[in-house]
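[1] sequence unknown, structure follows:
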């Protein structure tokens, strides 16, 4: 007796595993139409914002570049106009100063003064001093710097006016000049203050105060040795100049005296200078600013009575 064989049911692959497309469709069918619309609106908004931002960035960059170039062009044009204005003012000033009546009168006065020195003479020692200056100092320095020999005869002054001016108004560098001999106080000064110091010294002469006036003539270099010799002689020092008290060159002179001639001093080093203010243009204020004869007299009396 034969038993019937049971046949196992066959399952097709198509029935057990669904394809991906069908799965996506089934998932999408579960999402409502409102959600789909919201997702589409969100994606569209992001894309539109990105596009607008990129366009704004490009346009802003271009406008910024244009504004920067415009600003640089304006600055260059303004600088060019300022330079042109300065050059024009300089030209006008040169025309005024070279062709004005003041310049012509000054030139005429200088020419007349030069002609008045025609009869002026110098002694043989002064003439030899001029020749020695050009031959031993000027020509020697020129040859050392350039290697060329200088014709001294072409440099020595020939007219009386030239000889006189170079003898009495040529200042050697670093060599002070004793303007006035004295024994009690050394007054160190230069420039226009030499004459102010001279008047003050004359006023004190009646009081028995002998003031020695040392004219430095040059400041770079300045004759330190002459200052120290004068202070060693008188034991008292007063420095006079038109510059302000703070930062003026007199401070360097006073410090040098205090450092190198302290043992020779019988009184502190005195300074008379302008106040630490800007120079005024009004004549009365300028007179109050610049040291006057009365100020120097008062300073000298303080040193004399110390």
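    All right, it came through fine. The structure presented is a predicted model; accordingly, all values stated were derived computationally and were not measured.

[2] center of this structure, which residue is that?
    residue 247 (15.0 Å; CA atoms, centre = their mean).

[3] specify the local secondary structure of that residue.
    The local conformation at residue 247, judged by DSSP: H, G, I helix; E, B strand; the rest coil, is coil.

[4] tell me the phi and psi of it?
    When read as degrees, to the nearest 10, the backbone of residue 247 gives phi 80, psi 0.

[5] now do the one 5 residues further on
    Dihedral pair for residue 252: phi -70, psi -40, per degrees, to the nearest 10.

[6] what does the pLDDT read for the residue nearest to the centre of the chain?
    Turning to residue 247, the model gives it a pLDDT of 91.

[7] over to residue 81?
    83.

[8] do the one 5 residues further on as well
    As summarised for this prediction, residue 86 has a pLDDT of 79.

[9] mind checking the longest helix of this protein?
    helix 33-99 (DSSP state H).

[10] the protein: strands as residue ranges?
    Ranges of strands in the chain, per DSSP state E, are 177-180, 185-189, 211-215, 237-244, 270-274.

[11] picking up where we left off before, next one: the longest helix of the chain to chain centre, how far?
    36 Å (CA atoms, centre = their mean, to the nearest Å).

[12] OK, contacts around residue 261?
    228, 231, 232, 237 (CB atoms under 8 Å, 6 or more residues apart in numbering). All C-beta spots, glycine's among them, are computed from the backbone N, C-alpha and C.

[13] return the closest of these with respect to residue 67.
    residue 237 (66.3 Å; CB to CB).

[14] what does the pLDDT read for residue 95?
    The model's pLDDT for residue 95 equals 57.

[15] equivalent analysis for residue 260, please.
    96.

[16] name the nearest residue to it, ignoring sequence neighbours.
    residue 228 (6.0 Å; CB to CB, 6 or more residues apart in numbering).

[17] low-confidence stretches in this protein?
    Judged by pLDDT under 70, the chain has its weakly predicted residues at 1-32, 92-102.

[18] okay, now the domains of it?
    Domain assignment for the chain, taken from automatic domain parsing, gives 27-99, 124-169, 177-305.

[19] tell me who's in contact with residue 265.
    Contacts for residue 265 (CB under 8 Å, 6+ apart) come out as 231, 235, 236, 237, 257, 258.

[20] make it 7 Å
    Contacts for residue 265 (CB atoms under 7 Å, 6 or more residues apart in numbering) come out as residue 235.

[21] could you do residue 245 as well?
    Contacts of residue 245 (CB under 7 Å, 6+ apart): 271, 273, 274, 275, 276.

[22] what about residue 119, how many residues nearby?
    9 (other CB atoms under 10 Å).

[23] relative to residue 43, how far out is it?
    111 Å (CB to CB, to the nearest Å).

[24] how about residue 126?
    Separation of residue 126 from residue 43 (CB to CB) stands at 107 Å.

[25] residue 281 too?
    79 Å.

[26] more crowded one of those two?
    residue 43 (10 against 7).

[27] which residue, neighbours along the chain excluded, lies closest to residue 222?
    Looking at residue 222 with CB to CB, 6+ apart, the closest residue is residue 216, at 5.3 Å.

[28] chain center to stretch 255-274, what's the gap?
    Distance of stretch 255-274 from its chain centroid, counting by CA atoms, centre = their mean, is 30 Å.

[29] compute the first-to-last residue distance for stretch 231-242.
    21 Å (CA to CA, to the nearest Å).
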